[in-house]
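Asks: Dropping the sequence and predicted coords here.
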Amino acid sequence: MYASPSPLPEADRAALVAALNARLADGLDLHSQIKVAHWNIKGPHFATLHPLFETFAIALAAFNDRIAERAITLGGLAHGTARHVARASTLADYPEGTTRDLVHVELLAARIEQYLAGVRAARKEAVERGDDDTEGLLTEVVTAFEMHAWFLRATLGG
Ligand SMILES: [Fe+2]
């Protein structure tokens, strides 16, 4: 572990760096899956969903950056190459042959929900280790992506 401006003990910082890197791997994987959906979507909802998926990707890219930089701030390293992500992500792979608009909506809704489960678990760890600032960052992620999951589930009529 590297020096950190955080007053947390090193063992807590190390655990939080690991939790943040796990969420970063999922977030980078999810970002690539959202872009694949954005590019390949076809069907009557194209005009709405193609730009909607891009707003998700932009929001997630910003959160991925902040999660990586929080890991560094806590004295760790951030791992995020495509090869690392392929090994470390906990999300289901994306069926890349998918084109139909509402199938993409269902696939992305399920993956956002998987992503959120990991982020909530990391937030719980931040609470237990007394890191209000990591907790706050992860609450922002949960709030934004629960809303995105709602957009998708509402599109499906659920
Ligand atoms: Fe685009």
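Replies: Noted; the coordinates are in hand.
Asks: Dead centre of this structure: give me the residue that sits there.
Replies: residue 27 (3.0 Å; Cα atoms, centre = their mean).
Asks: so that residue sits in a strand?
Replies: No - using DSSP: H, G, I helix; E, B strand; the rest coil, the secondary structure at residue 27 is helix, not a strand.
Asks: do you know how far it is from residue 67?
Replies: Taking Cβ to Cβ, to the nearest Å as the criterion, residue 27 is separated from residue 67 by 6 Å. Just so you know, the C-beta spots here come from the backbone N, C-alpha and C atoms, and that holds for glycine as well.
Asks: With residue 90 instead?
Replies: From residue 90 to residue 67 the distance is 15 Å (Cβ to Cβ).
Asks: The two: who's more crowded?
Replies: Taking neighbours as other Cβ atoms under 10 Å, residue 90 and residue 67 compare with residue 67 leading, 26 against 13.
Asks: For this protein, just list every one of the strands.
Replies: With DSSP state E as the criterion, the chain has no strands.
Asks: got the contact list for residue 116?
Replies: Going by Cβ atoms under 8 Å, 6 or more residues apart in numbering, residue 116 touches 142, 145, 146, 149.
Asks: Now the residue of the chain positioned farthest from its centre: closest residue in space, sequence neighbours ignored.
Replies: Here the chain reaches farthest from its C-alpha mean at residue 44, the gap being 27.8 Å by Cα atoms, centre = their mean. Nearest residue to residue 44, sequence neighbours excluded (Cβ to Cβ, 6 or more residues apart in numbering): residue 101, at 6.8 Å.
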